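Colleague: my questions concern the predicted model and sequence given below.
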Amino acid sequence: MLSVTGLNHFYYVRDFTDMRCKHSRVLSIIRERLHRETWCKVRKYDHYKKCYIWVLVNKAQKTAIFFYENGSRGRDVLTDFLGDAELKSIMSDGYNAYVFIGNELKSGRFKDTVHQVCMSHAKNKFVKASNQGGEPNAERFSEILKEFFMRGRKYDDAGLTSKERLRERQSLETKELLIELRCLLDSELSKDSEFRSQYYKEALNYLNRFWKEIFAYLDDGELPIDNNLAERTIRKLTTQRNNSLHYGSDAGAEMAATYHSVIGTVKLHGSSIWNFIGTFFKNIFNGCRDYVNMVPDKITLTTSQC
């Protein structure tokens, strides 16, 4: 999954009768984003094929973008979609296509972009190593990582500004916790791994390989700690997938991506999708074609949930 920070321009509808979004029209400038993809079945002539729909979520701007590029999960899908967008940061898990994005970010194209890796994925690997792998030391790793999340929630509850949050993230207390975790990791990596469970080996290697990316958020008060927002945003699509079983064509999958872009963004604003659709079509029937000013952050919505 992937996250991006700061989306300045997002057009839900290029042509409402077409109801499809294309890269350069959908994304103009992105600053901070979370990312994920999920599989779906799509009818291809006389058979069904496992394909993928991607989602990008901008937490700061409360924007979700679902897109379907012939069902591909390939490494070029995301880079092509981002195009010449300006990125402050982008978050993913360790899936190899996202690792490729990390390499792309080192080039001139995204040289100023921070590549983050979701801490939740790292923590969950240690939880699995403890529960299923029977590794006693894995529990301490998950406890330390959990402490980073608890501190983040404390900052949220206190309503800290990005500057205040950065000060806390750079505090001596946080650095001591980080040092403890690094020392524990180095100690475990130096030991003989022959009798370790595969779960524990994977967790240790994951944390070591993506250490810089996992803790990149500590250097900026605006960056998120995990990709959970994108995970929650994609949940409605996976529910639909389970109920509908498949899409009848590529066009049907593209249509679903467009609908879920609208639904996901409205939900991020804490508003009712039914109220948004009602207001949107009321404006359409009254002759309004100013689509840019009919997006969720421009239309006054009630706070009730659909």
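Modeller: Ah, there it is.
Colleague: low-confidence bits of the stretch 201-306 of the chain, can you list those?
Modeller: 240-243, 245, 299-306 (pLDDT under 70).
Colleague: helices of that one, start to end?
Modeller: Remark: helices assigned in the stretch 201-306 of the chain by DSSP state H, counting those that start in this stretch are 211-214, 228-233, 235-244, 250-268, 273-285.
Colleague: of those, which approaches E188 most closely?
Modeller: helix 211-214 (13.3 Å; CB to CB). Placement of C-beta: from N, CA and C, glycine included.
Colleague: excluding its own residues, what touches the closest one? List them.
Modeller: 102, 115-119, 122, 182, 185, 207 (CB atoms under 8 Å, 6 or more residues apart in numbering).
Colleague: if you rank these by neighbours, which is first?
Modeller: Neighbour counts for these (other CB atoms under 10 Å) peak at Q116, which has 31 neighbours.
Colleague: for that one, helix, strand, or coil?
Modeller: Secondary structure, DSSP: H, G, I helix; E, B strand; the rest coil: Q116 is strand.
Colleague: can I see the domain layout of this protein?
Modeller: Using automatic domain parsing, the domain parsing of the chain gives 1-118+227-268, 119-209, 271-306.
Colleague: any idea which of those is most buried?
Modeller: Stretch with highest mean neighbour count among those: domain 1-118+227-268 (a mean of 19; mean count of other CB atoms under 10 Å).
Colleague: need the contact list for the nearest residue to L268 once chain neighbours are set aside.
Modeller: Leaving out its chain neighbours, the residue that sits closest to L268 by CB to CB, 6 or more residues apart in numbering is K62, at 4.0 Å. Shown in contact with K62 (CB under 8 Å, 6+ apart): 265, 268-269, 296-297.
Colleague: show me which pair in these is furthest apart.
Modeller: Across the contacts of K62 (CB to CB), the longest gap, 9.8 Å, separates L268 and D297.
Colleague: what's the closest of the domains of the chain to A216?
Modeller: Here domain 1-118+227-268 is closest among the domains of the chain (CB to CB), at 5.0 Å.
Colleague: tabulate the contacts of K62 (a markdown table), appending distance to W54.
Modeller: Output for the contacts of K62, formatted as a markdown table (distance: CB to CB, whole Å):
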| residue | distance to W54 |
| --- | --- |
| T265 | 15 |
| L268 | 17 |
| H269 | 21 |
| P296 | 20 |
| D297 | 22 |
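Colleague: which one of these is nearest D250?
Modeller: Nearest member of the contacts of K62 to D250, counting by CB to CB, is T265, at 23.0 Å.
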